[in-house]
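Novice: Got a sequence here, can you build the structure:
(2 chains)
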Amino acid sequence: MSEDCSSSEETNTPTTSISQDTFTTETTTITTSAFNIPPETPSSSSSFNTHLAIQSLSSILTTVSPSLLSQDQDPAFYLLHSPDISSQVSSLLRLPDSGAGDNNLCRWFYDTFQSSEPQLQLVVLRFLPIIAGLYLSRVALKKPLAGFEAVLLAIYAHETTSRAGQAMTVNVPDLSHPSIYHESKKPAKDNDAADLNLAVISPSLEPHGTVRSTRRARIVGVALELYYSKMSLMPVRSKIDFCEFCKVWSGQDGDDKENVEFQDDQGNVGKESVIKEGRIALPWELLQPILRILGHCLLGPNKDKELIGSASAACRSLYSRSLHDINTQAILATRSLLRLSKMALDPKNNVDHTEIPVTDVISL
Amino acid sequence: MVRSQSADSSEYEDQTPSREVWANGICMKTSEVEAKLDEGNIQEAESSLREGLSLNFEEARALLGRLEYQRGNVEAALHVFDGIDLQVAIQRLQPSFSEKQPSRKGRSRGDSQHAVSQHSASLVLEAIYLKAKSLQKLGRLNDAAHECKRVLDAVEKIFHQGIPDVQVDNRLQDTVRQAVELLPELWKQAGCYHEAMSAYRRALLSQWNLDDDNCSRIQKAFAVFLMHSGVEAGPPSLAAQVDGSYVPKHNLEEAILLLMILVRKFYLGKIVWDPSVLEHLTFALSLCGQTSVLAKELEEIMPGVFHRVDRWNTLALCYSAAGQNKAALNLLRKSLHKHEQPDDLIALLLAAKICSDDSHLAAEGVGYAQRAITNAQGRNEHLKGVAIRMLGLCSGKQATISPSDFERSHLQSEALKLLDAAISLEKNNPDLLFELGMLYAEQRNLNTALRYAKRFIDATGGSLLKGWRLLALILSAQQRFSEAEVVIDAALDETAKWEQGPLHRLKAKLKTSQSLPIDAIETYRYLLALVQAQRKSFGPLRSVSQAGDDRVNEYEVWHGLADLYSRLSHWKDMEVCLGKARELKQYSAEVLYTEGVMLQGRGQVEEAMSSYINALLLDPSYVRCKILIGALLSKRDSNALPVARSILSDALKIEPTNRMAWYYLGIIHRVDGRIADAADCFQAASMLEESDPIENFSSIL
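Specialist: Reported below is the predicted structural model:
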């Protein structure tokens, strides 16, 4: 079944440009497989794509209720939020050789993402934490990873196209110029951006057909940037998955022997036995999107207790790691995040200023 | 929020009897009204209020609603508010204001009427506001947001030109301020992030006559929301864009702007210090890599806000992250002074790390690292490995400038021992593998170095270019050129085009060493093409983003070519290449050196000598010039021999593994008749000959 349903861009997906030129030898196993749905099928219809995706997924998963297709709710939404599906997919993904090029699930992810159906792409992104997490941790173990790489490259290619390869930059403002939020005595005669500090938050993107090892961090980093931009739509579980991988990546157990300053309340001890496998190099191109995602988990508008707990654990681990690396930029960023999450818990900082004063005398 | 409120009200309930209501100059105890309310008799409660205080229907309802709200009966409050037709009340308010507002003259005439209208406006708006709050507490966030929005819409309708500063009822102003603050919060809680964005912008960009605290809270909340909501805000509406003022185009830009404004408000004494603002700013600016801007902000903060040692240490982190290690070290020296906080582990480690990059600071770094080791105790024990590693690195660096052979070899073996100890504590840190590889390679223990280089590549999955380069250089030092080439080719496969420059350069040098000048020239030609392509396709943004040393360096290409031609004694071609190189880098000891070689090759010995000397003036520790000067001097009369000998010893002090230095020193000893010494030197030279890499190992760093 899965063989049948793996898509080829020619027949099914409108956005062939994303993948065709970027995929080469390593991932061809995935792209060339045949597709038996006739080209004249109304492929543009989104529900068709969604149903197709669900059908092929149900052939991969062991127990997907057939009633899935007759769900009242939006099936793509169901795919994204169903705890049953996500736990099955997660456990399949975590199998030791899940990243191979001929892995059905990876193929499904690849095809689903290539369907260029935004809702379905969200489903793929929902599992990005696990895919990226396993991928980066397994690189040093020399396991087959072509399947993971195909998915990551598809996401990277998507992002390259949608940004037109351009860098993302930020002008760090200078208060001596007046802005929409403040006035300045200095006349704004020359309002050119020349004396603003230009900061590149994501350099320009080149197309990559394969994962070259020196670009690996960048490719995953860009995929994480896309994940970050969709974070408000992601289920909490996906974010928690991400936080857990951050701890693995850091190779540091932030819980027990952490700096006094950021000790968590439970004072977790006795975790010495945790095997620190899966530690990876954390260059800035990877660490920066990681920290932005963690920032969202810790300080974003959606306050989920479990998420905040695992995000601050991840943050402690990364802080500890940045101390081990003496990576000053990372020390500054992670330390601020930790301090902020601590402040957020302090009831002193949670006074509701929109509450009316309670008085004994109510006057009109 | 809800929780804290209910706690408040329960606390309040204990002292219920003292509650009373005031209106029209009459005071009335509420116990009777409350009793009626508790029975569910709103009508009766209302009428008793109306009678007791001579109020109209709306006023009584509003008062009742507030009473219920304060008592924590939000549902009942909602019920009471539902009884007032707020829409009609708002509509009734509008004309009375809008007529008057435009004409300034009319103001005095209708002052009393104005006051009355303001009073009822205040009443109605407060009622709607409390309704929104009640809905919020009941979890009906969307409804709450709509009610709250009605308050603001009404205010905008009533006050066309913004709320005037003077002659506004305080209570009305308070309600408006609270509603302005509440609305984005409600949208946020309701999960309507785009509405929240526009509510924040509306709050900050319209004229609500907010006070400083109120405005700052909104600005901070908006900044946090911009940074962490994961929703792109889009640029502000055109209406808000005043001509000539800066308009942020990106969430992060807007957040940083707001946070900077907040910091400035604090300097100006408008608001009290909020440490979280600085932490948010730190996070935002370090994300963009603008720690130098952050340093500036920190320096502007008044003394007394935080401890000076904290300030110095944070500044040091900022400067170090911005690449200004010297400034960072100076600050750390202050904060680690014995009268400040000499035991701060992070500061000690950072200081040691900065020192480990510079051989002249290495001795100082050893001190910091030792202090770090003693302080890595208790909860910080996990950093002990890092401290030991820093000590090892500093010792290794210190060895390179050590004046005595004995001390040098002692320091070197010490460094190796320390790094070995560190690796047993930091088993999974690949950086240590690299550092050990480098250290062994520099000591020409090539087999061991090779092992570490391979392990490093394995551990990092080949993701770091420096691993590949180290491996290639070690192989080249073992004279295994073809294997080195295989490594370079493998590395090229793993690299994107623009980062291939250093690899191609190594390849060209490998070809040169293998006496394959045609291939080498071909590679250099490719590099030049790459330079051209790079120049065309890289805008200014590229140069900011890519690390400088990964780029193809045109100067190095020309210099490499010049070097190649000098080996072939093609002096003409060499001169052209040197000219190109000099255009790109005017004062370079390397170019002067190569020029000297060319002049010497053409037989212009005196000119060559002056080139070498000039090169030494530019870089007093440039070993290759020292050696050639020594060589030239050794060929002169015997008076020059002591000078030649001292300059060669000097060269060996800097680079003890330089075989040419040993060779010429041997020659001098032989000319002077110290045959045994000469033999020793020649032996050293011949042993080293087998272990010279095509490029200095330190070129990788």
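
Novice: residues in contact with the residue lying closest to residue B:387 once chain neighbours are set aside?
Specialist: Ranked by CB to CB, 6 or more residues apart in numbering or on different chains and with sequence neighbours excluded, the top spatial neighbour of residue B:387 is residue B:372, at 3.8 Å. (C-beta placed from N, C-alpha, C; glycine too.) Residue B:372 makes contacts with B:345, B:348-349, B:352, B:383, B:386-387, B:390-391, as judged by CB atoms under 8 Å, 6 or more residues apart in numbering or on different chains.

Novice: so where does residue B:372 fall, helix or strand?
Specialist: Using DSSP states H and E, the element containing residue B:372 is helix B:362-375.

Novice: Give me the mean pLDDT for that helix.
Specialist: Average pLDDT, helix B:362-375: 94.

Novice: Report the buried residues of it.
Specialist: Across helix B:362-375, burial judged by 16 or more other CB atoms under 10 Å in any protein chain shown covers B:362-373, B:375.

Novice: For chain A, state which of the residues you listed is nearest.
Specialist: Set against chain A, the nearest of the buried residues of helix B:362-375 by CB to the nearest CB is residue B:372 (10.6 Å).

Novice: tell me the mean pLDDT over stretch B:573-586?
Specialist: Rounded mean pLDDT across stretch B:573-586 is 88.

Novice: got it, and stretch A:207-226?
Specialist: 91.

Novice: For the stretch 51-200 of chain A, which segments count as strands?
Specialist: A:168-172, A:197-202 (DSSP state E, counting those that start in this stretch).

Novice: do you know which of the ones you listed lies nearest chain B?
Specialist: Comparing the strands of the stretch 51-200 of chain A by CB to the nearest CB, strand A:197-202 comes nearest, at 3.7 Å.

Novice: Run the chain-centre distance for that closest one.
Specialist: 21 Å (CA atoms, centre = their mean, to the nearest Å).

Novice: for that strand, packing partners?
Specialist: strand A:168-172, helix A:216-229, helix B:540-545 (3 or more CB pairs under 8 Å, 6 or more residues apart in numbering or on different chains; DSSP states H and E).

Novice: Please repeat the previous calculation with a cut-off of 6 Å.
Specialist: Strand A:197-202 is packed against strand A:168-172, with contacts defined by 3 or more CB pairs under 6 Å, 6 or more residues apart in numbering or on different chains; DSSP states H and E.

Novice: does any bit of the strand it packs on sit next to chain B?
Specialist: Yes. Contact between strand A:168-172 and chain B is present through A:170-172 (criterion: CB under 6 Å from any CB of the partner chain).

Novice: Pull the distance from that strand to the chain's centre.
Specialist: 22 Å.

Novice: One more: stretch B:153-160?
Specialist: For stretch B:153-160 - counting by CA atoms, centre = their mean - the centre lies 44 Å from the chain centre.

Novice: For the stretch 1-150 of chain B, which residues are neighbours of chain A?
Specialist: Residues of the stretch 1-150 of chain B lying near chain A (CB under 6 Å from any CB): B:1, B:18-23, B:59, B:63, B:66, B:70.

Novice: related to what we said a few turns ago, CSV for the strands of the stretch 51-200 of chain A, including distance to residue B:626, mean neighbour count and mean pLDDT?
Specialist: Converted to CSV, the strands of the stretch 51-200 of chain A look like this (distance: least, CB to CB, whole Å; neighbours: other CB atoms under 10 Å in any protein chain shown; pLDDT from 0 to 100):
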stretch, distance to residue B:626, mean neighbour count, mean pLDDT
strand A:168-172, 46, 21, 85
strand A:197-202, 42, 18, 82
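
Novice: what would the ones you listed look like in CSV with distance to residue B:495?
Specialist: What follows is these, written out as CSV (distance: least, CB to CB, whole Å):
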stretch, distance to residue B:495
strand A:168-172, 23
strand A:197-202, 20
